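>>> Pasting the sequence and the predicted model now:
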Amino acid sequence: DILVDGKVCDCDVVVTCQVGDPVPLQVKLTNWSKHSVGPFALTMMPYQDYQNGVHNYELQDAITFLGSNTFHIDTVKPTKDSVYFGALLFLYTGDFYLNIKFHEDNCSRELPLSWLCLPSVHIRATEPVA
């Protein structure tokens, strides 16, 4: 489950926020298997989609994380969940996306994409209301 600014997100919803206001993020990983899973690293990567096949991940002048964009998860027991909190601060207006991935924390080989990659979250940063 992904919450942006307290609202549940899915891939069909555009979340609107204002430039200069911190946007709280919450990602909850629920283990529905019969076995404990982990260790993992949860990584959140913002990008812009230029709609021509190019994704720009070089956004350090447009977006900043309040806190870390990577969280380490030791183990999640069966039927339990692990919740991670963070926040984004948008410095410019525009349409941005957040790529959220869980990957193995103990080696460089990533887990199958169909298992632990979440759909991108679409966030639109607008001018502050005066």
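Thanks, I have the structure now. Numbers count the residues shown, from 1 in each chain.
>>> Quick one: low-confidence residue ranges for the protein.
11, 105-118 (pLDDT under 70).
>>> again, only this time at 90
Low-confidence segments of the chain (pLDDT under 90): 1-15, 26-33, 35-45, 49-55, 57, 60-61, 66-76, 78-84, 98-122, 128-130.
>>> those helices in the chain, which residues are they?
Here the chain has its helices, by DSSP state H, at 113-116.
>>> Based on its surroundings, how many neighbours for residue 88?
The number of residues packed near residue 88 is 24, by other Cβ atoms under 10 Å. The C-beta positions use only the backbone N, C-alpha and C, and glycine is treated the same way.
>>> what's near enough to touch the nearest residue to it once chain neighbours are set aside?
Of all residues beyond its chain neighbours, the one nearest residue 88 is residue 23 (4.7 Å), with distances taken as Cβ to Cβ, 6 or more residues apart in numbering. When contacts are counted by Cβ atoms under 8 Å, 6 or more residues apart in numbering, residue 23 touches 4-5, 15, 17, 87-90, 123.
>>> wouldn't residue 20 be in contact with residue 90 here?
Yes. Contact between residue 20 and residue 90 holds when scored by Cβ atoms under 8 Å: they sit 7.4 Å apart.
>>> Looking at these two, which is more packed in?
More crowded of residue 20 and residue 90, by other Cβ under 10 Å: residue 90, with 23 against 12.
>>> The residue lying closest to the more buried one once chain neighbours are set aside: what's it in contact with?
Spatial nearest neighbour of residue 90, excluding adjacent residues (Cβ to Cβ, 6+ apart): residue 125 at 3.7 Å. By Cβ under 8 Å, 6+ apart, the contact list for residue 125 reads 17-19, 90, 92-96.
>>> redo that, cut-off 7 Å
17, 19, 90, 92-94, 96 (Cβ atoms under 7 Å, 6 or more residues apart in numbering).
>>> now swap in residue 26 and tell me
3, 83, 85.
>>> Let me know the distance separating it from residue 130.
29 Å (Cβ to Cβ, to the nearest Å).
>>> coming back round to it: could you export the contacts of residue 125 as JSON lines, including distance to residue 77?
Formatted as JSON lines, the contacts of residue 125 follow (distance: Cβ to Cβ, whole Å):
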{"residue": "17", "distance to residue 77": "34"}
{"residue": "19", "distance to residue 77": "40"}
{"residue": "90", "distance to residue 77": "36"}
{"residue": "92", "distance to residue 77": "42"}
{"residue": "93", "distance to residue 77": "42"}
{"residue": "94", "distance to residue 77": "40"}
{"residue": "96", "distance to residue 77": "34"}
